[in-house]
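Participant: Need a 3D model of the following:
(one chain, ligands or ions: 1)
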Amino acid sequence: MSQRPPQPSARRSAVYLLDQVLGEGRLMSDLIASGALDRLDPADRARAQRLANDTLRGMDRADRLLKRHLRKPPPLHVFNILRLGTVELCNGGDAHGVVNDLVGLIGGHKRYGNLKGLINAVLRNMADGAGRSWNDLRLPRLRKWLRDPLVQAWGGGAVGAMEKAHFAGAPLDLTAKGDPAALAAQLDGTLLPTGSVRLSDAGQVSALPGYDAGDWWVQDAAAAMPARVLAAQPGETVLDMCAAPGGKTLQLAAAGADVTALDLSERRMERVRENLARCGLSATCVTGDALEHSGGPYDAILLDAPCSATGTIRRHPDLPYAKDGSEFGALIELQSAMLDHALSLLKPGGRLVFCTCSLLPDEGECQVDEALARHPGLSVDRAAVADLPGVDPAWITEEGGLRLRPDYWPDLGGMDGFYIACLRV
Ligand SMILES: C[S@@+](CC[C@H](N)C(=O)[O-])C[C@H]1O[C@@H](n2cnc3c(N)ncnc32)[C@H](O)[C@@H]1O
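Facilitator: Residues are numbered from 1 along each chain as shown. Sure thing, here's the model as predicted:
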């Protein structure tokens, strides 16, 4: 009888994720969705993700330290083991456990088993104090392909503050189905000025009280703002045009609107159905291309368009490594085609909330400026964003949208980058 291969450890799986992100340009979310961590139990799955994310956040520093101990860069797989070990040790990991586990991991490798001595020597050195200068090293910087356009848009000081937020990572934010103050009290969380509930040390999400009952869903505080701007009313017909995995659909349905959730991806649409079922909410789920959708006309539309996702780097530090910006031109064109089509599906007097989780003005402010030029009679509803609780007047843009950035709320733990505007026909 053939034996099943042994279950991989969290560290081995984290190194696999790093190899794929840094070697193959794959996104961690895609790897996980296609089953990369399926053989781990939930706790190890969370640990593998955390280890890979921590390593990517600290990689710039780890590489600086490792350079002092390596005559030449080792093969990527070996380098990634050293990076992961260095970051764990510099973050206070147990030296004995980390070094032994990683030496064991390379020891069994067919091709690089002979580099066991190198891993052992370098990581022991790190554990014996070479990593002490970790906190004195430069704050990890964004990669040049992304840093340059962001500096041009927001200035060097703001980008430095964003990098600080990226390095710190993100707390867990929840949107309450009912009263957010009561949820914050129940989970010992912080009620944020905009109405989300923030947990600083959450652990396994599905083990938190209220998860099975569907009392809340995970959604960054910034990501919860577009549906608040749309302010759907009970009975209104609302199209959520790019809906999956469904955080905003849940908000619209919880407000009592008659929601149609549309998405191109059937696999991702399945997540919307699961989320609706868990939270006891309903929406009509349609799998299809937004550009060909012919339903409506609708009272209101939420267009959370596919974008560079550069606003989510706190939670997805793999993004700057897996991407190089080459796809962004096509995304910008798709966003403006979707925006035009969405406007054609509105009732007279209807409203459209356009948003992207991007830090690039081309995917936000510029899209709205250009839509206003293309559509005479279209206007921006500045009050829809300015009058919301918790919105700082400094976040309102010239054309009347809302610009959110990871360096905002530095004392509360930051927020995702987002652009949001409410357009009226
Ligand atoms: C930013 S995500 C949406 C996140 C979602 N609104 C939420 O809050 O959970 C963008 C979505 O657009 C979908 N998408 C991409 N191209 C599309 C198209 N042509 N038509 C419909 N959906 C599309 C993707 O599958 C993806 O789920």
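Participant: low-scoring pLDDT stretches of the protein, where are they?
Facilitator: 1-7 (pLDDT under 70).
Participant: how does it divide into domains?
Facilitator: 10-136, 225-424 (automatic domain parsing).
Participant: So which of those is the most surrounded?
Facilitator: Across the domains of the chain, the average number of neighbours (mean count of other CB atoms under 10 Å) peaks for domain 225-424, which reaches a mean of 19. Yep, even glycine has a C-beta here, placed from its N, CA and C like the rest.
Participant: need the contact list for the residue in the stretch 101-250 of the chain that the ligand sits nearest to.
Facilitator: Using CB to the nearest ligand atom, the closest approach of the stretch 101-250 of the chain to the ligand is made by C242 at 3.2 Å. Residues near C242 by CB atoms under 8 Å, 6 or more residues apart in numbering: L262, D263, L264, A290, L303, D304, A305, P306, M338.
Participant: The stretch 251-400 of the chain against the ligand: which residues are in contact?
Facilitator: Proximity of the stretch 251-400 of the chain to the ligand (CB under 6 Å from any ligand atom) is limited to residues L262, D263, L264, S265, R268, D289, A290, L291, D304, P306.
Participant: and these, which of them are in strands?
Facilitator: Residues of these located in strands (DSSP state E): L262, D263, D304.
Participant: ok, which stretches of the stretch 201-350 of the chain are strands?
Facilitator: 216-218, 237-240, 258-263, 284-287, 298-304, 346-356 (DSSP state E, counting those that start in this stretch).
Participant: Please name every helix or strand in contact with the shortest one.
Facilitator: Judged by 3 or more CB pairs under 8 Å, 6 or more residues apart in numbering; DSSP states H and E, the packing partners of strand 216-218 are strand 172-176, helix 247-254.
Participant: how about the residues of the stretch 51-200 of the chain near the ligand?
Facilitator: Checking the stretch 51-200 of the chain against the ligand by CB under 6 Å from any ligand atom, there are no hits.
Participant: all strands for the stretch 51-200 of the chain, in order.
Facilitator: Under DSSP E, counting those that start in this stretch, the stretch 51-200 of the chain gives strands at 172-176, 190-191, 197-199.
Participant: Would you point to the one among the ones you listed that's packed deepest?
Facilitator: strand 172-176 (a mean of 24).
Participant: contacting residues around L302?
Facilitator: Taking CB under 8 Å, 6+ apart, one finds P226, A227, L230, V238, L239, D240, M241, K248, L252, L352, V353, C355 in contact with L302.
Participant: Could you dump the residues you listed into CSV with distance to D215 added?
Facilitator: Formatted as CSV, these follow (distance: CB to CB, whole Å):
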residue, distance to D215
P226, 22
A227, 17
L230, 22
V238, 22
L239, 26
D240, 21
M241, 27
K248, 18
L252, 18
L352, 30
V353, 25
C355, 25
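Participant: closest to I32 among those?
Facilitator: I32 has its nearest neighbour among those in K248, at 21.5 Å by CB to CB.
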